[in-house]
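> attaching a predicted model along with its sequence, questions to come.
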Amino acid sequence: MSILKKSIRVGVVGASSLSAGVLLKILSRHKYVSLALLTSQTKTGQEAGEIHRALGNILRLKTTKYEPDKIIRDCDVVFLAKPHGEQLKGTSFLSALAQKTGSAIKFIDLSADFRLKDASLYKEWYGFTHGDRALLKKAVYGLPELYFNKIKDADFIANPGCYSTCAILSLAPILANKLEDKSATVVVEAICGVSGAGRRPNERNMAIEVQENIKPYKIGIHPHTPEIEQELAVLSHRKIKVLFAPCVAPFKYGMLTSSYLKLNKRITTADILKKYRAFYKDAPFIRIMKEGEYPEIQNVTGTNFCDIGVHYNSRTNTCVAMACIDNLFKGAASQAVQNMNIAFGLKQTEGLLF
C-alpha cells in the first residue's frame, strides 16, 4: 500500500444527516484526511459541531451552500450522504463535470442511487425513475470483501445498504462454494436499531412506537431486497429470489440478520466454518465465530466489524448464517471510509480501528 504525501481533501454533501455525523466523526481523526467542504441544504452556515453535538469543540468547519464547481475544485473525494433519489440528478451532473474538467475526484455515494445495475428496478423499489444508465454501469458496488480489486481503481463507488451488507456477507461463502440448493428460496430475517429509520421523525424511530416492542415493517417489499438478490446472483451465477423480513427494535445502533438456506448436500458446521475462514482470510473486518458461538450486536456497535456465525441443521439440511454489524458504521459511514482507503491506496483499516 502506498502512503500519501499529502492529505486527501474531503467533501461531504448532505452533512447534516445521521450517517454524515458518524462519517465526520471518523474523518475528523483520520490522519490522511483534510476536511475541505461540507454542504447542507437545511443547516447552511452552521458548524458541524452544532449539527452533530458529539463533534462539539472537535470540528468547527461550517456548512456551505451546494456549489458543484467548488466541490470539483476543492475536493479529492466527495461523500454523498443525501436520502435516496434527492441527489440523483446532482450526482450525475457532478460526475459529468469532473469528466469534462479532467478532474481526478472520486465519489462515494451512501444513498441507494447507484447500487442497482438494472435501472428499471428503481421505479418499483424506490419510487423514482433512474435517468443515468451510463453512471449506473460505471459505478462499483462498494463491498470491499467482494470487490476490493474494482474499488481500488474506481472513481465512483456505490456504498452498500446496511441490511444488504449484513445479509450478503453472511451468505457469500455458501454461494461462492456452490453449497446451496438451487431450488430453494433465500430467507433473510433482520432486526435493526431505531437509527436505521434515519433522523427525520417517523413511526419507526419514535419512542412510543418502539419502546418495549419489536416492529416488523416492509415485509417482502423492503428496497434492500433487489440489492441482496443482485449480489447473491453474482456469486451464484444465476437469478436468486430473497424473502426479506426486517424488524425495528428498541435499541439505537446495530443490526442482526439471520439467513436461512437449504444446502445441496450433507455437511458439518465445522466444515462450513472452514470455508468461511478461507473465503474471508484477507478481510480484516470480518470475524468468524467459533462453532456454537453466535454474533451479538453489542460486540460490533461503534465499529466497522462484521461478526458472522454459522449453524448447520442436519435435521432440515439448512444452513443458518447470522451476522451483526453497526448499521451506521459498517452499514454506512465506516464502510464508506474503508472504500476511500482502498481507492487511495491506504490500508483498509486506516482510521477505523478504535
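Happy to help now that I have it. Residues are numbered from 1 along each chain as shown.

> just the residues contacting stretch 302-309, thanks.
165-166, 169-170, 253, 276, 280, 285-289, 293-296, 299-300, 321-326, 329-330, 334-335, 337-338, 352, 354 (CB atoms under 8 Å, 6 or more residues apart in numbering). (Glycine included, C-beta is placed from N, CA and C.)

> filter those down to the buried ones.
Buried members of the contacts of stretch 302-309, scored by 16 or more other CB atoms under 10 Å, are 165-166, 169-170, 253, 276, 280, 285-289, 294-295, 300, 321-326, 329-330, 334-335, 337-338, 352.

> in strands, which of those fall?
When the buried ones among the contacts of stretch 302-309 are checked against strands (DSSP state E), the matches are 286-288, 321-325.

> can you tell me the closest non-neighbouring residue to Asn57?
Spatial nearest neighbour of Asn57, excluding adjacent residues (CB to CB, 6 or more residues apart in numbering): Gly49 at 6.4 Å.

> tell me how many other residues crowd the one you found.
Residues lying near Gly49 (other CB atoms under 10 Å) number 18.

> and it, what helix or strand is that in?
Remark: Gly49 resides in helix 48-51, with elements defined by DSSP states H and E.

> for Leu37, give me the pLDDT.
As predicted, Leu37 sits at a pLDDT of 97.

> following the helix holding Gly49 in sequence, what is the next regular element?
Sequence order places helix 68-74 as the next helix or strand after helix 48-51, per DSSP H and E.

> what's in contact with that following helix?
With CB under 8 Å, 6+ apart as the test, helix 68-74 has contacts from 9, 11, 13, 36-37, 39, 64, 78, 90, 93-94, 97-98, 101, 103, 105.

> residues near Lys100, how many?
Neighbour count for Lys100, taken as other CB under 10 Å: 9.

> so what's it up against?
No contacts exist for Lys100 under CB under 8 Å, 6+ apart.

> that one falls within a strand, correct?
No: Lys100 is assigned helix when assessed by DSSP: H, G, I helix; E, B strand; the rest coil, not a strand.

> against Gly90, how distant is it?
15 Å (CB to CB, to the nearest Å).

> where exactly do the strands run in the stretch 201-350 of the chain?
215-216, 242-248, 255-262, 286-288, 306-313, 318-325 (DSSP state E, counting those that start in this stretch).

> quick revisit: any chance of the ones in strands among the buried ones among the contacts of stretch 302-309 in CSV, plus pLDDT?
Converted to CSV, these look like this (pLDDT from 0 to 100):
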residue, pLDDT
Ile286, 98
Arg287, 98
Ile288, 98
Ala321, 98
Met322, 98
Ala323, 98
Cys324, 98
Ile325, 98
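
> give me the domain ranges for the protein.
Split into domains by automatic domain parsing, the chain comes to 8-159+332-343, 163-325.

> lowest average pLDDT across those domains?
domain 163-325 (a mean of 93).

> now the end-to-end length of it.
End-to-end span of domain 163-325 (CA to CA, to the nearest Å): 9 Å.

> select only the buried ones of the contacts of helix 68-74 in PyMOL?
This is the PyMOL syntax for the buried subset of those, where burial follows 16+ other CB under 10 Å:
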select buried, resi 9+11+13+36+37+39+64+78+90+94+98+103+105
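
> in strands, which of the contacts of helix 68-74 appear?
Among the contacts of helix 68-74, DSSP E puts 9, 11, 13, 36-37, 39, 78 in strands.

> so which of these is the closest to Val188?
Lowest distance from Val188 to the ones in strands among the contacts of helix 68-74 (CB to CB) belongs to Val13, with 30.8 Å.

> so Arg115 sits against Cys162, correct?
No: in this structure Arg115 lies outside contact range of Cys162 using CB atoms under 8 Å: 11.9 Å.

> can you pull the contacts of the closest residue in space to Thr318 that isn't next to it in sequence?
Of all residues not flanking Thr318 in the chain, Lys262 sits nearest, at 5.3 Å (CB to CB, 6+ apart). The contact partners of Lys262, taken as CB under 8 Å, 6+ apart, are 180-181, 184, 316-319.

> can you pick out the most distant pair from these?
Comparing every pair within these by CB to CB identifies Glu180 and Thr316 as the most remote, at 13.9 Å.

> and these two? Which one has more around it.
Glu180 (21 against 11).

> which residues does that one contact?
174, 186, 236, 261-264.

> restricted to buried residues, select the residues you listed in ChimeraX.
Of the contacts of Glu180, the buried ones go into a single ChimeraX selection, burial set by 16+ other CB under 10 Å:
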select :174,186,236,261,262,263
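
> how close does the closest residue in space to Leu80 that isn't next to it in sequence get to Ser7?
Among residues not flanking Leu80 along the chain, Asp109 sits closest, at 4.4 Å (CB to CB, 6+ apart). To Ser7, Asp109 is 22 Å away according to CB to CB.

> now stretch 211-218 - C-alpha only, PDB.
Provided in PDB are the C-alpha atoms of stretch 211-218 (Å, rounded to 0.1, in the frame of the first residue of the first chain):
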ATOM      1  CA  GLN A 211     -40.100   1.000  23.300                       C
ATOM      2  CA  GLU A 212     -40.800  -2.400  24.700                       C
ATOM      3  CA  ASN A 213     -41.700  -3.500  21.200                       C
ATOM      4  CA  ILE A 214     -40.300  -5.200  18.100                       C
ATOM      5  CA  LYS A 215     -41.900  -3.800  15.000                       C
ATOM      6  CA  PRO A 216     -41.900  -5.700  11.700                       C
ATOM      7  CA  TYR A 217     -42.100  -3.500   8.600                       C
ATOM      8  CA  LYS A 218     -41.900  -3.700   4.800                       C
END
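
> how distant is that stretch from the center of its chain?
22 Å (CA atoms, centre = their mean, to the nearest Å).

> alright, that wraps it up for me.
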